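Student: Model the structure of this input:
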Amino acid sequence: MQQLDERLKGQYASLSPQEQRVADFIFDHFDDLISYNSAELAQLSGVSKATVSRLFKRLGYDKYKDMRDELRTLRQSGMPLTDQRDAVQGNTLLARHYKQEMANLTQWVNALDARQFAEALTAMVAARRIVVIGMRNAYPAALHLRQQLLQARGQVLVLPQPGQSLSEELVDLTADDLVVMMAFRRPAANSTPAAAAAAARRGAGPVNVRAAGPQPVSALPLAALRAAGQRLRLR
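Tutor: Here you go, the predicted structure:
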């Protein structure tokens, strides 16, 4: 099924001048469209509410609300509201990097186990405390994850702390805690199985976020979310 912007582009030439005014406003304010009702869109576009109604019926929507529900569903699913696949052209280093990152994200989403992902989110909400472990080159990713989680909840720690051994930090874990382990390539991944085992012994359910590879980081995780993808070669 075509998204709204695709429908507008496909029918733009056949629209009346008033309807094209609405379409032009939508193209310029697409990210804000979901916040407007039909009367507001008509006022901002400088047309009548009847014109807005006719336009969306022409585009295949029974009601204006159907279009807003569609955009809301797309936004909640994480899909972009507009098609940006051709946003970057050429074979420059920056363009190749952009395209590789988009391919990596697509590969990750397609390979994601939806059940495990939902279980990991549920555990993050329910946990008394979240401990994010990032060893060596995974430490910056652990810090970033902690910062993002803190926007939604409190009691999120990152380990190991400078000058402290990991065993000292894990000793007070309980079954009410959740451990998220970041492991990307060697040597970071080498120390992760021991940390997972230590967390499991304390009753804390671990979630692994790791680089793709043939060997699992640990046989113990509540969920293993693998970051698939290729690195860009600099030539």
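
Student: Which strands or helices does the helix of greatest length in the chain pack on?
Tutor: When the chain is parsed with DSSP state H, its longest helix is helix 93-111. Here helix 93-111 touches strand 223-227, going by 3 or more Cβ pairs under 8 Å, 6 or more residues apart in numbering; DSSP states H and E. From N, CA and C alone the C-beta is placed, and that goes for glycine too.

Student: Now tell me what touches the strand or helix carrying residue 22 from outside.
Tutor: Secondary-structure element containing residue 22, defined by DSSP states H and E: helix 17-28. Outside helix 17-28, the residues within contact range by Cβ atoms under 8 Å, 6 or more residues apart in numbering are 4-5, 8, 12, 15, 33, 41-42, 44-48, 51-52, 54-55, 58.

Student: now do stretch 151-159
Tutor: Outside stretch 151-159, the residues that touch it by Cβ under 8 Å, 6+ apart are 124-125, 128-134, 139, 142-143, 146, 149-150, 166, 169-170.

Student: Cross the residues you listed against strands and list the overlap.
Tutor: Judged by DSSP state E, the contacts of stretch 151-159 include 129-134 as members of strands.

Student: Would you map out the domains in this protein?
Tutor: Residue ranges for the domains of the chain, per the TED database: 4-77, 86-111, 112-210.

Student: Off-centre distance for the second one?
Tutor: Chain-centre distance of domain 86-111: 15 Å, with Cα atoms, centre = their mean, to the nearest Å.

Student: Check which residues of it are buried.
Tutor: For domain 86-111, the neighbour count (16 or more other Cβ atoms under 10 Å) marks 96, 104 as buried.

Student: quick one on the thing from earlier: just the buried ones from the contacts of stretch 151-159?
Tutor: Buried subset of these (neighbour count, 16+ other Cβ under 10 Å): 124, 129-134, 139, 142, 146, 149, 166, 169-170.

Student: Out of these, which two sit at the greatest distance?
Tutor: Using Cβ to Cβ, the buried ones among the contacts of stretch 151-159 span at most 20.9 Å, a distance reached by 124 and 166.
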